[in-house]
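Asker: Predicted model, plus sequence, below.
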Amino acid sequence: MGLHQNMTAEPVGRLELRQPPLCGPTDSVRTAIEQMRAKRLGCVIVVDTEQKPLGLFAESKLTQLLAEDPARLDDPVCDHLTNPWPCVRESDPIAMVLGAMQAANVRFIGVLDKDGRVVGLTGQKGLMEYVSEHFPQQVMVQRVGSPPPAEREGA
């Protein structure tokens, strides 16, 4: 199968999902930032008591908030969500991740189970890892901090 066929046939659950930072709607922006730092991600998913997503708080909102009024870091994070924010189901085809990211112009996509609860996070990095798995000879992937390859391929 080719990449296009795989992306339309294989479910999102085949991607390596990241455990997203989560917080509640009444948590402060400051708490959301702490969660982002702890997980080393540029966003936090705000969820209700059933782990269903209410929206996303991302670095772009933080930058905007700091430029407007840094004192608002103690606001409830629910006052500063990116909404609507795209999510896909674990059972959806991987191609839906790319489509949702392009349509909403976002880097992160929430992944939900069949009941609509957050189970993971994917996006640009998850898609690139998927592509590199399917074309290992054409795509050289090197982890940050790993030694350079012994030999350079190509011209």
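Answerer: Looks like it arrived, so ask away.
Asker: CA atoms for contacts and neighbours, from now on please.
Answerer: Fine.
Asker: And the residue nearest the centre of this structure?
Answerer: Central residue of the chain (C-alpha atoms, centre = their mean): Phe108, 3.0 Å from the mean position.
Asker: Do you know the pLDDT at Gln142?
Answerer: Looking at Gln142, its pLDDT is 62.
Asker: what's the answer for the one 5 residues further on, then?
Answerer: We note a pLDDT of 71 for Pro147 in this prediction.
Asker: Leu22 now?
Answerer: pLDDT, Leu22: 94.
Asker: Renumber starting at 20 from here on
Answerer: I'll keep to 20 as the first residue from here, and by that count the last item is Leu41.
Asker: residues near it, how many?
Answerer: Using other C-alpha atoms under 10 Å, Leu41 has 21 other residues around it.
Asker: Please apply the same query to His153.
Answerer: Neighbours around His153, by other C-alpha under 10 Å: 14.
Asker: And Gln38, by the same measure?
Answerer: 13.
Asker: Quick check: chain neighbours aside, which residue is closest to it?
Answerer: Spatially, and ignoring its direct neighbours in sequence, Gln38 is nearest to Gly139 (5.1 Å; C-alpha to C-alpha, 6 or more residues apart in numbering).
Asker: measure that neighbour to Pro39 for me?
Answerer: 6 Å (C-alpha to C-alpha, to the nearest Å).
Asker: returning to what we had before: look up the residues forming beta bridges with the residue nearest to the centre of the chain.
Answerer: Gly142 (DSSP bridges).
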